[in-house]
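# Give me coordinates for this.
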Amino acid sequence: MKSELTQLIALCQSRTENLFTEYLKEPVAAAPLLQEAITYAVFNGGKRIRPLLVYATGLALGTPLENLDPAAAAVELMHAYSLVHDDLPAMDNADTRRGKPSCHKVYGEAVAILAGDALQSLAFQVIIAQPAQILPHQRLKMLGILSEASGLNGMAGGQALDMAAGSNNLVDLLNLYRLKTGALLLASVQMGMVSAEITDAGLAAGLTKYAECVGLGFQLRDDLLDIESSSAVSGKPQGLDVVNSKMTYPLLVGVEKTRLKIGELHEEALAGIAGLGKDGAMLREISGYLLSRVS
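Predicted coordinates:
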């Protein structure tokens, strides 16, 4: 990984975690256990990939970091909520997350459900209230993007499809991936664009294509890691998809074809942001990093 990307990842983690601390530092006398569970869920070693996409997109378009903070923090809070709920026994039934006990294993199912609910609300609060030189109509657009990406036509809808029956054909499986995983990654890039208020339709379409390709490639890489990576490396149970009887891309087309598809998606992502020129260097690095990661 190039040093510039390493530095941006560290900066992204620092800025988002400072914001989380800001919003969670005041004790809540009425619900201390819930506050503790929320804190546990957001400070559990996440790579902050979605905030990274917000920052990288905004910086490529010339947006100051402070104007990207609300969207970056909000999308990670939404992601944290989804992980807390996904790990529940009624969902994916995962006992560990990032090498640590899942939220419900530490605090119980009821508190974990409430923690997820509160994290979702906090995501919207951050977009509305976090100081930044972004206008009300930009904040409203961000709220619309994030709510769409996390709701019925996004992450929650994808999880419902996954739980209902999964999919035994490629078309339905790719739609499931687009909703469950891709929607929030696309929202990250879209909110970065909103922060910059870009008006170039071609550039917006290219960035959207980039996000869609990275989102699908990210999920395909996740599928491979579930097969090939140990729990010690990935931080979550190995082979959970098989245990839960879930159809995945590698199971449908094979491991080698999945690797080839990831490579194709990386090239398509790079083509999407060719118009950015040298300003898109970090986004290009991020695509390579995400689609070749080992955890």
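
# distance of the spatially most central residue of the chain from A37?
With distances taken as C-alpha atoms, centre = their mean, the residue of the chain nearest its centroid is R50 (4.3 Å). Per C-beta to C-beta, to the nearest Å, R50 is found 21 Å from A37. C-beta here means a position set from N, CA and C on the backbone, and glycine is covered the same way.

# same question, P136
As for P136, its distance to A37 is 32 Å (criterion: C-beta to C-beta).

# which strands and helices sit next to the helix or strand that V214 is a member of?
For V214, the enclosing helix or strand under DSSP states H and E is helix 201-228. Under the contact definition 3 or more C-beta pairs under 8 Å, 6 or more residues apart in numbering; DSSP states H and E, helix 201-228 sits against helix 49-60, helix 170-177, helix 183-196, helix 240-243, helix 249-253, helix 255-272, helix 281-290.

# Could you pull out the buried residues of the longest one?
This points to helix 255-272. Across helix 255-272, burial judged by 16 or more other C-beta atoms under 10 Å covers T258, K261, I262, L265, H266, E268, A269, L270, G272.

# burial measure for the residue lying closest to I9 once chain neighbours are set aside, as a count.
Once flanking residues are discounted, I9 sits nearest to L52: 6.2 Å by C-beta to C-beta, 6 or more residues apart in numbering. L52 has 25 neighbours, counted by other C-beta atoms under 10 Å.

# Could I get the pLDDT score of L52?
The model reports L52 with a pLDDT of 98.

# How about A90?
Predicted confidence (pLDDT) for A90: 93.

# Checking it next. Helix, strand or coil?
coil (DSSP: H, G, I helix; E, B strand; the rest coil).

# Check N93 too.
Secondary structure for N93, judged by three-state DSSP, is coil.

# Against E17, how distant is it?
Distance from N93 to E17, by C-beta to C-beta: 28 Å.

# Any chance you could list what contacts stretch 247-267?
Stretch 247-267 has contacts (C-beta atoms under 8 Å, 6 or more residues apart in numbering) with 166-170, 173, 177, 213-214, 216-217, 219-221, 223-224, 226-228, 241, 287-288, 291.

# how about 7 Å then?
With contact meaning C-beta atoms under 7 Å, 6 or more residues apart in numbering, stretch 247-267 is reached by 166-168, 170, 173, 213, 216-217, 220-221, 223-224, 227, 241, 287-288, 291.

# circling back: okay, P136 and A37: which has more neighbours?
The residue with more neighbours, out of P136 and A37, is A37; 24 against 8, by other C-beta under 10 Å.

# Count the residues that sit near E76.
29.

# Surely it is in contact with R50?
Yes - with contact defined as C-beta atoms under 7 Å, E76 reaches R50; the gap is 5.6 Å.

# Report the contact partners of A60.
Neighbouring residues of A60 by C-beta under 7 Å, 6+ apart: L276, D279, G280, M282, L283.

# Buried ones among the residues you listed?
Neighbour-count burial (16+ other C-beta under 10 Å) applied to the contacts of A60 gives L276, G280, M282, L283.

# who's in contact with the nearest residue to the third one once chain neighbours are set aside?
What it means is M282. What sits nearest to M282 in space, not counting adjacent residues and going by C-beta to C-beta, 6+ apart, is A56, at 4.8 Å. With contact taken as C-beta under 7 Å, 6+ apart, A56 is in contact with L8, M282, L283, I286.

# mind running it again at 6 Å?
M282, L283, I286 (C-beta atoms under 6 Å, 6 or more residues apart in numbering).

# And for Q13?
Contacts for Q13 (C-beta under 6 Å, 6+ apart) come out as R48.

# Below-threshold pLDDT in the chain: ranges please.
Within the chain, the segments meeting pLDDT under 70 span 1, 165-167, 229-245.

# Enumerate the beta-bridge partners assigned to the residue nearest to L83 when sequence neighbours are not counted.
Closest residue to L83 in three dimensions, ignoring its sequence neighbours and counting by C-beta to C-beta, 6+ apart: R97, at 6.1 Å. Taking DSSP bridges as the rule, R97 bridges to K100.

# For R97, grab the count of nearby residues.
Look at R97: counted by other C-beta under 10 Å, it has 22 neighbours.

# Please report the distance of it from L88.
Separation of R97 from L88 (C-beta to C-beta): 11 Å.

# do Y107 as well
Where L88 is concerned, Y107 sits at a distance of 12 Å (C-beta to C-beta).
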